[in-house]
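[1] sequence plus predicted model, see below.
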Amino acid sequence: MFKRIFFLSSKRPQDELELIRFIIERFGYRPKNLTHFKKAFTHKSFVTKSERLGSNERLEFLGDSIIGSVISEWLYHRFPHEDEGYLTQLKSKIVSRKILSEIAENMDLRSLIKYQSIRSINLNSIEGNTLEAIIGAIYLDGGFIAAKNSIINHVFRKYINVKKLLTEDTDYKSKLFIICQRNRWELEFRCDQEIPAKSYEVVTYINEEKYGLGIGYTKKDAEQEASKTTLILLEQLV
């Protein structure tokens, strides 16, 4: 109780109080050293080149690794019967620039970010990078468990719809066709093995080079699976 009274009655500047409340409300974490969090909200455009270490770039690097580790562990336990390819695909969606930027926008990180408003700046990208930097700040301030708790119980559960991610962009074959057409690659599906009433085994070939393998109870399912594997190999599932 004493700590709570002290916190509320401490004579902090208004901007620091707003920052503390923001981190508590959005990330479920009470900051100890505000220096980390002030830096997390400072974009490199706001500091001079000589002061570049005062920006959030290093925290962004750290937070990116922490988020990747936490999400990997969560997916490993959440989907115990899925293979590496499936887990890699889902992780890529969750930690993609697009998703992180959307989360940051919904969290209204923009309201506290310090940056110079110039034409070359992509604010959506800045928001996603700031989100990573904040996670890095929580890790430095409170350790891995604190960062993990914030990611899973606050950021992840409140702002990521896993079911939606699982169902969108599932037409892998069409996506693969579009990519091959764009690059003028020759795409072919070959049914290497067919076992009536059991399964089909399909392999994709791009410019006569063997890529993904897919197995399904129908030829269509096998082609979709082969396309998904190929997209992962091409690093197009992001």
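    That came in fine, so what should we check first?

[2] CA only for contacts and neighbour counts going forward, please
    Fine.

[3] can you pull out the low-pLDDT segments for the protein?
    Applying pLDDT under 70 to the chain picks out residues 1-10, 48-53, 118-122, 166-170, 193-198, 236-238.

[4] which residues are in contact with the longest helix anywhere in the chain?
    In the chain, with assignment by DSSP state H, the single longest helix is helix 57-78. Residues outside helix 57-78 that contact it (CA atoms under 8 Å, 6 or more residues apart in numbering): 40, 43-44, 87, 91, 95, 129-137, 139, 144, 147-148, 151-152.

[5] recalculate using a threshold of 7 Å.
    If you take CA atoms under 7 Å, 6 or more residues apart in numbering as the criterion, helix 57-78 is touched by 40, 87, 91, 129-130, 132-133, 135-137, 148.

[6] again, but for stretch 132-142
    In this structure, residues lying in contact with stretch 132-142 by CA under 7 Å, 6+ apart are 31-33, 36-37, 40, 56, 59-60, 62-64, 146-147.

[7] send me it as CSV with only the CA atoms.
    Output of stretch 132-142 as CSV, limited to C-alpha atoms (Å, rounded to 0.1, in the frame of the first residue of the first chain):
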residue,chain,number,x,y,z
GLU,A,132,9.6,-3.9,-30.6
ALA,A,133,11.7,-1.3,-28.8
ILE,A,134,9.2,-1.2,-25.9
ILE,A,135,9.4,-5.0,-25.5
GLY,A,136,13.2,-4.6,-25.4
ALA,A,137,12.8,-1.9,-22.7
ILE,A,138,10.6,-4.2,-20.6
TYR,A,139,13.2,-7.0,-20.9
LEU,A,140,16.0,-4.7,-19.7
ASP,A,141,13.9,-3.2,-17.0
GLY,A,142,12.2,-6.4,-15.7
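
[8] quick check: of the contacts of stretch 132-142, which lies closest to residue 175?
    Distance to residue 175, by CA to CA, is smallest for residue 64 among the contacts of stretch 132-142, at 27.3 Å.

[9] can you give me the distance of the closest one to residue 101?
    Residue 64 sits 13 Å away from residue 101, going by CA to CA, to the nearest Å.

[10] list the buried ones in stretch 213-223?
    Neighbour-count burial for stretch 213-223 flags 213-216, 218-219, 221-223 (criterion: 16 or more other CA atoms under 10 Å).

[11] re the thing from before, out of the contacts of stretch 132-142, who has the most neighbours?
    For these, the largest number of neighbours (other CA atoms under 10 Å) sits with residue 40, at 29 neighbours.

[12] count of residues packed around residue 183?
    Number of residues near residue 183 (other CA under 10 Å) recorded here: 9.

[13] likewise for residue 34?
    15.

[14] adjust the sequence numbering to begin at 51 for everything that follows.
    Done: numbering now begins at 51, and the last item shifts to residue 84.

[15] phi, psi for it please.
    Residue 84 adopts backbone torsions of phi -70, psi -20, taken as degrees, to the nearest 10.

[16] list only buried entries from the contacts of helix 107-128.
    Using 16+ other CA under 10 Å, the buried ones in the contacts of helix 107-128 are 90, 137, 141, 179-180, 182-183, 185-187, 198.

[17] tell me which residues in stretch 194-208 are buried?
    For stretch 194-208, a neighbour-count test (16+ other CA under 10 Å) marks 194, 196-202, 204-206 as buried.

[18] and stretch 214-234, how far apart are its ends?
    Distance across stretch 214-234, first residue to last, is 31 Å (CA to CA).

[19] what separates it from the chain centre, distance-wise?
    Distance, stretch centre to chain centre, for stretch 214-234: 19 Å (CA atoms, centre = their mean, to the nearest Å).

[20] having no further points to raise, I will conclude here.
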